[in-house]
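Colleague: Predicted model follows, preceded by the sequence.
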Amino acid sequence: MKKFSINPEAAFCTEAQHEHNGFTLIELVMVIVVLSIIAAFALPRLFDFSQDTRVATVEGIGAAVQSAMSIAHSNCMVDPACDPNSSSSSTTLEGKVVSMSNGYPASSAAGIGAAVQIESDKVTIRFEPFSPWNWTVTYVFFIQEDCKVRYGAQMAVVEIITTGC
């Protein structure tokens, strides 16, 4: 069994003999503060998530339009007051009258606009012609050019465009 002895003079060292073994708490806190300030200004410029946000918004609006179209169509099929073969019929969803065209919400504010119920200052709703599918009127939930959702009642199609987001 080994015996250890304590030298009382070795426990105390003079200023010249003192070795620096680490950082003080103040030094560590200052480094953390400086790194936090750098991160607060550099990271938002390094990682720009605004495009991802616009794409997610447009996809969310597209899903809402698709769901509203399906719900309104289903409601029209079971509502005796709604004629799915008429180009000017209506049904009621959550207390709002929705204009229908051939069993689907019409391409208007009273049609798909009433069914979706999107109220935001970031989304502009407008009409535009769209010829590839021969839609006479297209209801558009517009974020910016080529970043929008188009709805056409004639074909009951929802088109999500995210190329310009």
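Modeller: Cool, the structure landed.
Colleague: Tell me the confidence at Asp52?
Modeller: The score at Asp52 is 85. That number is its pLDDT.
Colleague: which secondary structure element contains it?
Modeller: Per DSSP states H and E: Asp52 is located in helix 50-78.
Colleague: What is that helix packed up against?
Modeller: strand 89-93, strand 96-101, strand 104-105, helix 114-116, strand 135-144, strand 147-152, strand 157-161 (3 or more C-beta pairs under 8 Å, 6 or more residues apart in numbering; DSSP states H and E). No exception for glycine: its C-beta is placed from N, CA and C like everyone else's.
Colleague: so can I have JSON lines of these showing mean neighbour count?
Modeller: Shown next, in JSON lines, are those (neighbours: other C-beta atoms under 10 Å):
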{"stretch": "strand 89-93", "mean neighbour count": "19"}
{"stretch": "strand 96-101", "mean neighbour count": "20"}
{"stretch": "strand 104-105", "mean neighbour count": "28"}
{"stretch": "helix 114-116", "mean neighbour count": "25"}
{"stretch": "strand 135-144", "mean neighbour count": "19"}
{"stretch": "strand 147-152", "mean neighbour count": "24"}
{"stretch": "strand 157-161", "mean neighbour count": "18"}
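Colleague: Run the angle between the helix holding Asp52 and strand 89-93 for me.
Modeller: 110 degrees (axes from the mean of the first three to the mean of the last three C-alpha atoms, to 10 degrees).
Colleague: if we look at stretch 83-95, which residues are touching it?
Modeller: If you take C-beta atoms under 8 Å, 6 or more residues apart in numbering as the criterion, stretch 83-95 is touched by 68, 71-73, 75-77, 79, 81-82, 97-103, 114-115, 117.
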